[in-house]
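> Sequence isn't available, so here's the structure alone:
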């Protein structure tokens with residue numbers, strides 16, 4: 001085990017019955033799971049409730065689907081309560097990208113319109129913006145934000161790209177590749193002053209932030225299947241102000257007589273039992289651990305994990321692998337990989353697969369500006385030992401892999 005610069009390891013959590021917290025999840029025991037931030041993990045109780053819903057659906061599909069929109073509306077209210085927003089401002093969608101696409105498809109982009117984003121934007125969201133730009137003969141303007149930029153610098157650099165042709169600003173609340181936050185409140189204020197709509201990609205925010213949806217008139221999307229642990233395929237689209245009226249669901253259905261958000265409740269024969277089981281995930285974590293406990297524990301665990309893994313890398317490379325991300329996020333940390341690893345998006349997938357297949361550890365490996373990074377994340381089921389295993393098992397192998405290139 002590597003020293004963590006005198007940082008004390010947090011005590012592993014247990015269930016109310018005294019069992020290891022991991023027993024509330026069904027994760028494969030042979031794997032070390034250090035990548036909750038990508039796909040999440042669903043508590044056992046929510047999995048079981050969703051299976052009950054599926055059985056009910058298949059026992060009488062006619063009755064189920066004829067009344068499904070009412071169940072969706074009830075699930076929407078549960079999600080809105082968890083997010084601390086008005087259910088009348090909230091629609092359910094399959095994932096954050098679906099919510100972003102609904103906004104892209106609903107807005108009227110004039111000829112030559114521009115969309116402003118940052119160089120930290122999620123790839124799928126960026127590609128959607130390029131599609132819109134092609135269709136309207138416009139362009140996507142990218143604000144180059146350094147990793148270590150503070151809130152004031154990030155705001156200034158982003159707004160410097162806004163001009164007379166700007167039709168939309170798209171901003172990550174918490175970035176995927178670089179594990180940092182952006183100052184949504186400040187940028188929302190600046191966007192309002194400029195008269196430009198703002199779309200916030202809050203994919204990682206639910207569960208991580210106590211109040212994940214900032215107060216502004218515009219659009220916000222967030223995944224519930226990541227840190228909030230809802231069954232996958234559960235996300236929210238929140239829209240406030242006059243601009244909410246233009247929103248339409250991705251698929252035309254029997255919701256056509258209704259406006260947002262009721263129009264999104266009618267999803268035909270889609271299986272959306274994940275939406276209906278989301279509340280069970282939220283309640284399970286609150287009652288058995290508490291969301292405040294999750295946030296404080298995950299933060300302490302990531303601090304510890306980043307310290308011991310960074311120290312292990314430094315022992316072998318003689319370099320500093322810590323990263324200043326400017327606005328850090330509780331349950332996410334970024335560490336610089338040895339030089340030469342994951343310098344492209346494709347290579348990052350290869351390195352991640354190597355760690356998973358050869359070392360039995362699930363992690364996130366990302367690329368930013370031609371440099372490779374290890375992105376750590378933590379949840380209630382993780383323990384200090386998970387990060388110690390990575391330091392002892394994976395770090396030497398990654399250093400050897402880098403030297404072989």
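Good, I have the coordinates. Just so you know, these numbers come straight off a predicted model, no measurement behind them.
> Which residue ranges make up the domains of the chain?
Listed domain ranges for the chain are 21-30+290-404, 46-284 (source: automatic domain parsing).
> just the strands in the stretch 301-405 of the chain please.
Secondary structure of the stretch 301-405 of the chain (DSSP state E, counting those that start in this stretch): strands at 332-336, 361-362, 364-368, 371-377.
> Buried residues, stretch 249-264. List them.
249, 253, 255, 260, 261, 262, 263, 264 (16 or more other Cβ atoms under 10 Å). For every residue, glycine as well, the C-beta is placed using N, CA and C.
> Put together CSV for those, with secondary structure and distance to residue 122 on each row.
Formatted as CSV, the buried residues of stretch 249-264 follow (DSSP: H, G, I helix; E, B strand; the rest coil; distance: Cβ to Cβ, whole Å):
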residue, secondary structure, distance to residue 122
249, coil, 21
253, coil, 27
255, coil, 27
260, coil, 23
261, coil, 23
262, helix, 28
263, helix, 26
264, helix, 22
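> chain center to the longest helix belonging to the chain, what's the gap?
What stands out as the longest helix in the chain, according to DSSP state H, is helix 291-317. Offset of helix 291-317 from its chain centre (Cα atoms, centre = their mean, to the nearest Å): 19 Å.
> do the same with stretch 368-384
Worked out by Cα atoms, centre = their mean, stretch 368-384 lies 13 Å from the chain centre.
> related to what we said a few turns ago, residue 286: which of the buried residues of stretch 249-264 is nearest?
Relative to residue 286, the closest of these is residue 261; by Cβ to Cβ it sits at 24.4 Å.
> Torsion angles phi and psi at that closest one?
The phi/psi pair for residue 261 (degrees, to the nearest 10) reads phi -100, psi -10.
> cool, residue 191 as well?
phi -70, psi -40.
> of the buried residues of stretch 249-264, closest to residue 238?
residue 261 (8.9 Å).
> Not counting sequence-adjacent ones, nearest residue to the closest one?
residue 91 (3.8 Å; Cβ to Cβ, 6 or more residues apart in numbering).
> Secondary structure of that neighbour: a strand, I assume?
Yes. Under DSSP: H, G, I helix; E, B strand; the rest coil, residue 91 sits within a strand.
> Would you work out how far apart the start and end of stretch 33-43 are?
Distance across stretch 33-43, first residue to last, is 14 Å (Cα to Cα, to the nearest Å).
> Quick one: residues in contact with that stretch.
The contact list for stretch 33-43 (Cβ atoms under 8 Å, 6 or more residues apart in numbering) reads 24-27, 50, 176, 179, 204, 223, 225-232, 280-281, 284-285, 305, 331-332, 361-364, 375-379, 381-382, 386-387, 390.
> what about 7 Å?
24-25, 27, 204, 225-227, 229, 231-232, 281, 284-285, 332, 361-364, 375-379, 386, 390 (Cβ atoms under 7 Å, 6 or more residues apart in numbering).
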